[in-house]
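> Quick one: sequence and predicted model below, then my questions.
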Amino acid sequence: MKTNITQAVILAAGMGVRLKELNRGIPKGFISLGADKPIVEHSIDALLACGITDIIIVTGFMDEHYENLRSRYPQIRTVRNEKYSETGTMYSLWCARHLLSTDFILLESDLIYEIRAIRELLESPLKNSILISGKTEAGDEVYVEADEDWVKQISKNKKALSSIVGEFIGVSKLSYDFYLKLIQIAEEGFVSNILISYDMDCLVAVAEKNHLGFLKIENLLWAEIDDVSQLNKAQKVWENIKKLSI
């Protein structure tokens, strides 16, 4: 694998309000599809298999679950978003600023995906790139608009976009320089709104003056788990992902 990236950040501070009745108060990353390990642990295993040796998890809601995970994975470091109940995803990414020192993979804790999602993103020649897929009809999709090879908008409002190239998966590869620009945009934005997102707000803002590319894997098996409907669909997706390793 042609990459020198060894760091990753997993955003895992959220409360998972829309899954509250089903996840019994555990963080979304600790949802298990069947009798298998938690979904965040599958992400950790995928990162390790792709050569990532320093995994930073931004925790918040019931952070003790992630602290316990550290006992099994010495590659994990954690940092807590103390304001997890009142802030957005960019604030969580900002919380990791003292632990990041190089280019990294960024992902969300409530995802399942084929390992090739990480592998192919690492192999992409672009320094800054988000991973997108074809149409999923999963519900709550996040669409990506591009101008030729460069990202212009990321939004849930499909009607507000033109030249849609795919759906954002929640996995990105970012250079440290790009991250510093994200931090600058974020700190300016926090003055009026600490709920800003890292993707639809800050990635888009930085991309106005700095190239942000995309890697599209049309038929990638993946799912995000935000609500009951997505959980049921994710279970079926996970069964198909498991078949790939048989």
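Here it is on my side, so go on. On a predicted model such as this, the values are computed, not experimentally measured, just so you know.

> Does the residue nearest to the spatial centre of the chain lie in a helix or a strand, and which?
The centroid of the chain falls nearest to L107 when counting by Cα atoms, centre = their mean (2.4 Å). Using DSSP states H and E, L107 maps to strand 104-108.

> Can you tell me how far I185 is from S71?
I185 is 36 Å from S71, where distance means Cβ to Cβ, to the nearest Å. Using the backbone N, CA and C atoms, a C-beta is placed for each residue, glycine as well.

> hang on, the earlier thing: how far does the very next helix or strand once past the strand holding L107 sit from its chain's centre?
Heading C-terminal from strand 104-108, the first helix or strand you meet, by DSSP H and E, is strand 111-113. Offset of strand 111-113 from its chain centre (Cα atoms, centre = their mean, to the nearest Å): 9 Å.

> Which neighbouring elements make contact with strand 111-113?
Packing partners of strand 111-113 (3 or more Cβ pairs under 8 Å, 6 or more residues apart in numbering; DSSP states H and E): helix 39-49, strand 164-174, strand 222-224, helix 228-244.

> any chance of the ones you listed in TSV, with distance to T87, mean pLDDT and mean neighbour count too?
TSV is the format used below for the helices and strands packed on strand 111-113 (distance: least, Cβ to Cβ, whole Å; pLDDT from 0 to 100; neighbours: other Cβ atoms under 10 Å):
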stretch	distance to T87	mean pLDDT	mean neighbour count
helix 39-49	20	97	20
strand 164-174	18	97	23
strand 222-224	20	95	23
helix 228-244	23	90	15
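
> possible to save these as CSV with distance to V191?
CSV is the format used below for the helices and strands packed on strand 111-113 (distance: least, Cβ to Cβ, whole Å):
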stretch, distance to V191
helix 39-49, 32
strand 164-174, 23
strand 222-224, 30
helix 228-244, 33
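
> residue ranges for the strands of this protein, please.
With DSSP state E, the ranges of strands along the chain come out as 7-11, 54-59, 76-80, 104-108, 111-113, 129-133, 143-147, 150-155, 164-174, 213-217, 222-224.

> Format those strands as CSV; extra columns: distance to I26.
Putting the strands of the chain into CSV (distance: least, Cβ to Cβ, whole Å) gives the following:
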stretch, distance to I26
strand 7-11, 16
strand 54-59, 13
strand 76-80, 16
strand 104-108, 16
strand 111-113, 16
strand 129-133, 26
strand 143-147, 30
strand 150-155, 29
strand 164-174, 19
strand 213-217, 30
strand 222-224, 17
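
> Enumerate every residue touching the closest residue to K135 other than its chain neighbours.
Nearest non-adjacent residue to K135, counting by Cβ to Cβ, 6 or more residues apart in numbering: E167, 6.9 Å away. By Cβ atoms under 8 Å, 6 or more residues apart in numbering, the contact set of E167 is 132-136, 141-144.
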